[in-house]
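*Asks:* Need the 3D shape of this:
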Amino acid sequence: MLAIPFSSIAGGPISGALLNISGAGLDGWQWLFILEALPSILMAFGVIFYLTDRPALAAWLANDERGWLERRLEAERQHKVAVEHVGIVKALTDLRVLACAFVYFCLNAASYGVAFFLPTIIKNFGVSNFQTGLLSAVPFLFGAVGMVLLSRNSDRTLKRREHVCFAMFLAAVGLAGAGLVSAPALVLGLLCLSQIGVSATPPLLWPVPSAFLTGTSAAAGIAAINALGNLSGFAGPFLMGYLKDATGNFTAGLLVLGGCALVGSIVALTLRVNPQMEVTGAAPGASAPAR
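*Replies:* Numbers count the residues shown, from 1 in each chain. Below you'll find the predicted structure:
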């Protein structure tokens, strides 16, 4: 998950520099698209030839490591099935899955809505393309730190929904605040606060469905959460662009996206999580109260 903010930390300055390139009849933004696509194309071949479908096929692991991973995964799978077996159909209609999908929808609306327009917001500070790229990386640096700290505390306490709620609340406050101030330093600072919540939410949220879904139901449930949640990848940027054209600034868009994050924060508190799933996965025979 850290690769997500790290990619923006590195990508911001690189993108700002590439915008100044021209030649071969192509503008800077065209060179940016071409050159930043190459690593993904090369990585595709790495995935095919290096990554495996399961630990048993990973030749780059030692025999005892492969065996330990296989036994651990199987023990977790059997425990989940013993506690609660969820079929594919039930997984797709389970209220917990739908609630996770809604929270993820609100998160992505805030995330994509801001990320697509972040360079434009910062460019309005009156800085150059390269400076825009550098400043665009700053919120993701804070997001990476916040992701690690909140995730570690979530693992320690197993209070998943409370951490998701808190992270989404940070995103809401940061986005709404950025829309209400005008000083560049304050805007950037509040965007850093919002990015802490945005970056931290996915690793805090994904353990929730993983705790009660297993096998094919896990694939179906997690796919449903992704599919429904990512619909806001269109809605968030569309709203930001529409409101920017209608009002002439980003205030209304940031307030709306902050509202989306706030609603997601409230819904996160309704998630029903059973810490016993994770506790017993780590130590057979242990127990924890359902929450």
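*Asks:* can you tell me which residues contact the nearest residue in space to Ala176 that is not next to it in sequence?
*Replies:* Sequence neighbours aside, Gly258 is the residue nearest to Ala176 in space, at 3.3 Å (criterion: CB to CB, 6 or more residues apart in numbering). C-beta here means a position set from N, CA and C on the backbone, and glycine is covered the same way. Applying CB atoms under 8 Å, 6 or more residues apart in numbering to Gly258 gives the contacts Ala110, Ala171, Ala172, Val173, Gly174, Leu175, Ala176, Gly177, Gly179, Ser194.
*Asks:* Show the residue spans covered by the helices in the stretch 101-250 of the chain.
*Replies:* All helices of the stretch 101-250 of the chain, identified by DSSP state H, counting those that start in this stretch, fall at 118-123, 129-157, 160-180, 184-205, 207-212, 215-229, 232-247.
*Asks:* Return the mean pLDDT over the third one, rounded to an integer.
*Replies:* Confidence over helix 160-180 (mean pLDDT, whole number) is 93.
*Asks:* mind exporting that helix as CSV, just the C-alpha atoms?
*Replies:* This file holds the C-alpha atoms of helix 160-180, laid out as CSV (Å, rounded to 0.1, in the frame of the first residue of the first chain):
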residue,chain,number,x,y,z
ARG,A,160,-10.6,-1.5,12.6
ARG,A,161,-13.8,0.5,12.1
GLU,A,162,-12.7,3.2,14.6
HIS,A,163,-9.5,3.7,12.7
VAL,A,164,-11.3,3.8,9.3
CYS,A,165,-13.7,6.4,10.8
PHE,A,166,-10.8,8.5,12.1
ALA,A,167,-8.9,8.4,8.8
MET,A,168,-11.9,9.4,6.8
PHE,A,169,-12.7,12.2,9.3
LEU,A,170,-9.2,13.5,8.8
ALA,A,171,-9.8,13.5,5.0
ALA,A,172,-13.1,15.4,5.5
VAL,A,173,-11.6,18.1,7.7
GLY,A,174,-8.6,18.5,5.4
LEU,A,175,-10.6,18.8,2.2
ALA,A,176,-13.3,21.1,3.6
GLY,A,177,-10.7,23.3,5.3
ALA,A,178,-8.6,23.6,2.1
GLY,A,179,-11.7,24.8,0.4
LEU,A,180,-12.4,27.5,3.0
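*Asks:* which of the residues in it are buried?
*Replies:* Using 16 or more other CB atoms under 10 Å as the test for burial, helix 160-180 gives 160-179.
*Asks:* Export the contacts of Gly258 to CSV and append columns for distance to Ile222.
*Replies:* Shown next, in CSV, are the contacts of Gly258 (distance: CB to CB, whole Å):
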residue, distance to Ile222
Ala110, 21
Ala171, 22
Ala172, 25
Val173, 29
Gly174, 27
Leu175, 26
Ala176, 30
Gly177, 33
Gly179, 33
Ser194, 26
